[in-house]
Structures are given as C-alpha cells and as structure tokens.
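[1] No sequence on hand, only this structure:
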C-alpha cells in the first residue's frame, strides 16, 4: 500500500457558515472498483485535514485489491480523531460503501449516525439550492467547480479509474499511478473550491449584510436600464421598486437572474436580480392600477353596492338598510388606486390583490421605506429564497 502526503495552499473555508471546526474536520473521497460494496473493493482514499503545517492532503492507494484491509485499517485509524466528515454526495455512496467494506474486513465502521460520535456535511446536499442556476444545473462536482471558477487538471471519470486500476494491478505503471492519484487529488481539492459557494447559499437563504437603499422606478427605458439588458423588452414600461443591498460574502462571479413571477394582463412580470462581488440590486415588478384590500373578519362588515366597498357594522348603522347588505368574504373589501408592487405572500401589510380569487399579492409604497430600508428586509429575504430555491 502506498501512502502519500502533501501540504495544500491555504484556502477560504467559510467554516462558520458550513458549521465545522477546521481542527476536528476531515474531507475525504474514495475510489472503488464498482458501485456495489458487496462485489467490489475500495482501492484509493484521499483526505484533507488541518495540521500545524497547514492543510494536509493524504492519499492511501492499494496496489492490489488484496491490500484493501491494510488501506482501510490505515485510513480508519487516521480518521478516528476527527468528529466531522466532509464529502461530496458521500451520504448516498462514500459513507455506506466504506462502512460495508469495513464490516467485510472485520474493521470498525467509519460513521454511525446513531452513535453521534461523528457528524457529516454533504456539500452536494448543501448546494442543491443552486441547481436552477446556469452552470450548476447538473449538480456534478466538476460542474460546480467550474461554476465556482476553478478548473481541475484531471480529465478522468470513475469508469476510467476502474480500468486504470485493473491495469495498474498487473503492471505497476507509474504513469497510471500518477493519473489515479491526480484524479483523487482534484476531487479533494475541488471540494475546497466549492466552499466559497457559501455566498450563494447565504443569498438563497435570504442572508445578507444590509439594505443600503430603495426607491420606486417609474419605468424602464432603453437607456436607463443597461445593467438590466437581459430583461424582456415587454417589461420595460412597468413601474418597479429597486432595492440595493450588500452581501455578507462575495460571489465567485457575477450573477444576473430574471425570474417570472406573475402575469398581469397580457404581460409577464419578472423579479430581476444582479449581484457583483458583494453589491446586489433587486427589482420588484409593480403595476399602476386599482386594487382591493380584503378585511379578514367579513361577518363584522356590511357591503355597500353603490359605493362598491365594505364598512364595519359600527359605522354601517348610520347607512339606510336598503343601501347595505351583509358582506361576504368576496365583497368585504376597500379599494385603493396607485402603484403597487408584487410580494410572494402577505409580508408587508396591508396586502392588496385584484380580486378575492387572485393569488397575486401586492403592497403599496410607503415613504418610511426610503428613510428606513431595513423595513424591507423580510420582503427581500422571502424573494431571494423564492427565486434562488
């Protein structure tokens, strides 16, 4: 069995966000001769841990399948002190596979969730919220690495690795050994390059530093929205609310999104998001019209057909009986004209809508929003969660 170590350049680990202690955490990745632990073997395991010398990468390579027990013994002994295991899609493959092969070799298992001795962080599961973003749709590790702005040297696949190992068992070819170790090396270091994608996770969770400003935008024009040139031309004439905010951590590269939210009349309206580094801007679509606010306790109201609105019973007693009827849920409203902006749910109140049956909810602009834009934090949080989830 071959055991090789090297020290990696330091990297931003975002451990506070991901929830691990660098001193007690172990990144790991495995290479196997098949997908079934009952009929195949593990022949290569790689790890990254933090030492007094920095981040250390260690690789354990069995030169023959007969060395699998020795490989597992060395790896499990080295992994024993660590309380957190970090991996990419290891929940469904690496962890159960290692446990099964350890049992087959009469060795202690690596991870037993019931015991609570170790915790597990699966970067694949943590980053699934990015699957709707261009470049991350397939959610393969290589795709996410490229999305994060890192290009690996290795070009092999898992199938290549199995064929190479079968040949290496017979020939001990040093070039095959180099290529197999490089593949495992890049799988491991690739995980470290995924850690800065925490910035996307923060954004998708609705976590950001502060709202720096907000203001109504009457309408887009061809020259006024060059930074939003990706938006559909059919939506340029609509009023919008523009919110500027800053991120807790910088995105690896610029993000532009235009997400349809609702169809008003014949036009589809969009949330628009632009992020550059730690600076972000969100445009919320609006409409200039008349909308209704529906009172929740309709049994305490009368509807006035001539005025097309509802009034409380305490006031309705002054209206002649022939001009009032008991309100129903669909007629218990007051009307308001102006510019209204879409919201995912009744976050900012009062919440207006075109009709009782309508699913689209709106809010009206208030002057104190501009003076205190942090009042819009719940709204911004909900929209970010919706468009990035």
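    Looks like it came in fine. Since this is a predicted model, take the numbers as computed values, not measurements.

[2] from here on, contacts and neighbour counts on C-alpha atoms
    Fine.

[3] pretty sure residue 42 contacts residue 70?
    No. Using CA atoms under 8 Å, residue 42 is not in contact with residue 70, being 11.1 Å away.

[4] So these two - more neighbours on which side?
    Neighbours per residue (other CA atoms under 10 Å) separate residue 42 from residue 70, with residue 42 holding more: 24 against 15.

[5] Please state the backbone phi and psi of that one?
    The phi/psi pair for residue 42 (degrees, to the nearest 10) reads phi -90, psi 130.

[6] beta partners for it?
    For residue 42, the beta-bridge partners are residue 32 (DSSP bridges).

[7] got a list of what it touches?
    30-33, 65, 68, 98, 101 (CA atoms under 8 Å, 6 or more residues apart in numbering).

[8] pLDDT score assigned to it?
    pLDDT for residue 42: 98.

[9] in the chain, which helix has the most residues?
    Assignment by DSSP state H gives helix 174-194 as the longest helix of the chain.

[10] Rounded mean pLDDT for that one, please.
    Mean predicted lDDT for helix 174-194 stands at 97.

[11] May I ask you to confirm that residue 292 is in contact with residue 357?
    No. If you go by CA under 8 Å, residue 292 and residue 357 don't touch, sitting 11.5 Å apart.

[12] Show me which of the two is the more surrounded one.
    residue 292 (21 against 8).

[13] Test my guess that residue 217 contacts residue 240.
    Yes. Taking contacts as CA under 8 Å, residue 217 lies within contact range of residue 240: 5.0 Å.

[14] So between the two, which is more surrounded?
    Higher neighbour count among residue 217 and residue 240: residue 240, with 27 against 15, using other CA under 10 Å.

[15] residues touching that one, list them.
    Contacts of residue 240 (CA under 8 Å, 6+ apart): 216-219, 283-287, 341.

[16] Equivalent analysis for residue 203, please.
    Contacts of residue 203 (CA under 8 Å, 6+ apart): 247, 384-385, 388.

[17] Name only those of these that count as buried.
    247, 384-385, 388 (16 or more other CA atoms under 10 Å).

[18] Now flag whichever of the residues you listed is closest to residue 335.
    residue 384 (29.7 Å; CA to CA).

[19] chain center to the host helix or strand of the closest one: distance?
    Using DSSP states H and E, residue 384 maps to helix 377-388. Offset of helix 377-388 from its chain centre (CA atoms, centre = their mean, to the nearest Å): 12 Å.

[20] Give me the contact list for that helix.
    Taking CA under 8 Å, 6+ apart as the rule, helix 377-388 contacts 129-130, 132-133, 203-207, 211, 259, 271, 343-344, 347-348.

[21] what residue lies at the spatial centre of the chain?
    Central residue of the chain (CA atoms, centre = their mean): residue 129, 3.3 Å from the mean position.

[22] I'd assumed residue 199 was in contact with that one.
    No. In this structure residue 129 lies outside contact range of residue 199 using CA under 8 Å: 12.0 Å.

[23] Which parts of the stretch 251-389 of the chain are helices?
    Listed in chain order, the helices of the stretch 251-389 of the chain (DSSP state H, counting those that start in this stretch) span 313-316, 367-371, 377-388.

[24] ok, now how distant is the nearest residue in space to residue 67 that is not next to it in sequence from residue 49?
    Nearest residue to residue 67 in three dimensions, chain neighbours excluded: residue 1, at 6.4 Å (CA to CA, 6 or more residues apart in numbering). Here residue 1 is placed at a distance of 21 Å from residue 49 (CA to CA, to the nearest Å).

[25] ok, those two, which is more surrounded?
    Taking other CA under 10 Å, residue 1 and residue 49 do not tie; residue 49 has more neighbours (20 against 15).

[26] What mean pLDDT does stretch 85-96 get?
    97.

[27] which residues sit against that stretch?
    Under CA under 8 Å, 6+ apart, the answer for stretch 85-96 is 25-30, 110-111, 118-125, 141, 191.

[28] One more: stretch 5-19?
    21-22, 53-59, 121, 192-193, 195-196, 198.
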